[in-house]
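**Q** would you be able to build a 3D model of this:
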Amino acid sequence: MVSAQVAHGQRAEGTIDLGAMALRYADTVDTGAGVLSAHGLVDWTRADADAFGTFSQFSSGGWSSQGALSASFFSPAVRRNLIELAGFDGGSVHQDGARTGEVVANIRFHNVHDWGDFFVGAGAGRTSFGGNSNNMVLGEVGVATHLQNVDATFVVSPVAVDSLRYADNQLTLFWARGGLTVQGLLGFRAGDQIDELGATARTWGSVSAVAWLRPYIAAVLSGGTYPIDPTQGFPGGRFLSASIRLSRGVERQSPTSTTTVAPAPAPTEGAPVVERFTWQRSGAHSVTLRVDASRAVKVEVTGDFTSWTPVTLPSAGKGTWTVTLPLEPGKYQMNLRVNGGKWIVPPGLLAMSDEFGGTVGLLIVE
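**A** Numbers count the residues shown, from 1 in each chain. The predicted structure is shown next:
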């Protein structure tokens, strides 16, 4: 389904992970599993869709399969504010015939600043497991920011499922340098708990590391603990996994571009999309760079022509950001970022590896 949308999407990405896992769940069951996972993302100007699926074959016998599809639509930014409408549909099937399911609709209000994003939201849906179905109501309050080389997000999510009331508090940290990315999670649950599922610890944490060996091949290692999922009846536990990831990404070329376009990192929740990047000569020794990003409040570029010092682009209105820089004809390396997020290759430029193992865009000025 995701692949069919590539021709119409601003950007499409997909990964396949093949590996093994050792896990202990419900405080009683120890087993291993061979795991095959697939993930796909399609990103439009003001919307995105995300899908994943996982199949696990357990060494102790039996199998399990789960998957989910989520999508979001973003309004244009008005005075640093925007609205997100989101939906989620997921579930699982197991060899013994057990099934779980969850459908949720959300609305979020984002207040975007140079330092990051503050958001608040609410949602409602229905969940099912063990032959029973229950209504679910949830809320969330969170903040996302960029600190030095780390992206940090903290979210408080109160949830009500039938008579069960609890709130999850989770901190997510993401760090990337060159071909290595590391993500860590720390969480705490307050309120009710389903004791009969086992593994009743109210805290959890995990770490995942991805090392890119080639542009489209990576080694993935992760481990930690995870909590009970009261919405689908999954017991808590602990895990350690290792896998090989195959990745492929395609971005749509702009009508005036003739270069190969490289994949950019997946945006974080509520992050703006860079819709277009163009340049044109504004004089014999200068070039004007233009970025179209309708949900942005700050756009920066950096490159060897700025000695890798970030340069902020002034807003030209209506989601357009431009700057004129002194540039002689030649080949230059550059990246851009929006709202203090990750540095990415500008759409329309050829991606290449720099001397530090990172990825930069190749700008050719003629």
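**Q** please make it C-alpha for all contacts and neighbour counts, starting now.
**A** Noted.
**Q** residue boundaries of the strands in the stretch 151-300 of the chain?
**A** With DSSP state E, counting those that start in this stretch applied, the stretch 151-300 of the chain shows strands at 164-177, 180-191, 203-214, 217-226, 237-251, 276-283, 286-292, 299-303, listed in chain order.
**Q** for the ones you listed, which one sits closest to residue 320?
**A** strand 286-292 (4.7 Å; C-alpha to C-alpha).
**Q** ok, residues contacting the closest one?
**A** Residues outside strand 286-292 that contact it (C-alpha atoms under 8 Å, 6 or more residues apart in numbering): 274-282, 299, 319-328.
**Q** show me this structure divided up by domain.
**A** If you go by automatic domain parsing, the domain ranges for the chain are 3-248, 272-365.
**Q** need these in TSV with mean pLDDT, can you?
**A** Written out in TSV, the entries for the domains of the chain read as follows (pLDDT from 0 to 100):
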stretch	mean pLDDT
domain 3-248	86
domain 272-365	85
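**Q** mean neighbour count added to those domains, as a markdown table?
**A** Putting the domains of the chain into a markdown table (neighbours: other C-alpha atoms under 10 Å) gives the following:
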| stretch | mean neighbour count |
| --- | --- |
| domain 3-248 | 18 |
| domain 272-365 | 18 |
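**Q** output the contacting helices and strands for the helix or strand encompassing residue 128.
**A** Residue 128 belongs to strand 116-129 when elements are defined using DSSP states H and E. Where contact means 3 or more C-alpha pairs under 8 Å, 6 or more residues apart in numbering; DSSP states H and E, strand 116-129 is packed against strand 99-113, strand 132-147.
**Q** and the last one, how far out from the chain middle?
**A** Spelled out, that is strand 132-147. Shown here is strand 132-147, whose average C-alpha point lies 16 Å from the average C-alpha point of the whole chain (C-alpha atoms, centre = their mean, to the nearest Å).
**Q** ok, it: who's next to it in the sheet?
**A** The pairing partners recorded for strand 132-147 under DSSP bridges are strand 116-129 (antiparallel), strand 150-161 (antiparallel).
**Q** and the contacts of the last one?
**A** Taking C-alpha under 8 Å, 6+ apart as the criterion, the residues outside strand 150-161 that touch it are 134-146, 165-176, 230-231, 341.
**Q** try 6 Å
**A** By C-alpha atoms under 6 Å, 6 or more residues apart in numbering, the residues outside strand 150-161 that reach it are 136-145, 165-175.
**Q** again, but for stretch 236-246
**A** 15-26, 199, 216-228.
**Q** separation between residue 90 and residue 119?
**A** Plainly put, residue 90 is 24 Å away from residue 119 if you go by C-alpha to C-alpha, to the nearest Å.
**Q** one step back: nearest to residue 193, of the strands paired with strand 132-147?
**A** Minimum separation from residue 193 across the strands paired with strand 132-147 (C-alpha to C-alpha) falls at strand 150-161, 11.3 Å.
**Q** could the strands of the stretch 151-300 of the chain go into CSV alongside distance to residue 43?
**A** Rendered in CSV, the data for the strands of the stretch 151-300 of the chain read as follows (distance: least, C-alpha to C-alpha, whole Å):
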stretch, distance to residue 43
strand 164-177, 21
strand 180-191, 21
strand 203-214, 22
strand 217-226, 22
strand 237-251, 9
strand 276-283, 13
strand 286-292, 15
strand 299-303, 19
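**Q** which one of those strands lies nearest to residue 347?
**A** Each of those has some distance to residue 347 by C-alpha to C-alpha; the shortest is strand 276-283, at 5.7 Å.
**Q** just checking, what packs against the closest one?
**A** The criterion is 3 or more C-alpha pairs under 6 Å, 6 or more residues apart in numbering; DSSP states H and E, and the helices and strands that strand 276-283 contacts are strand 286-292.
**Q** go ahead and confirm residue 338 touches residue 299.
**A** Yes - with contacts defined as C-alpha atoms under 6 Å, residue 338 counts as touching residue 299 at a distance of 4.6 Å.
**Q** name the residue most distant from the centre of this structure?
**A** Among the C-alpha atoms of the chain, the one most distant from their mean position (C-alpha atoms, centre = their mean) is that of residue 284, at 41.3 Å.
**Q** gap between it and residue 306?
**A** Between residue 284 and residue 306 the distance is 18 Å, computed by C-alpha to C-alpha.
**Q** who touches stretch 127-138?
**A** Outside stretch 127-138, the residues within contact range by C-alpha under 6 Å, 6+ apart are 100-102, 122-126, 158-162, 231-232.
**Q** and stretch 139-146, by the same measure?
**A** 115-122, 151-158.
**Q** let's see it at 7 Å
**A** Outside of stretch 139-146, the residues that reach it under the criterion C-alpha atoms under 7 Å, 6 or more residues apart in numbering are 115-123, 151-159, 340-341.
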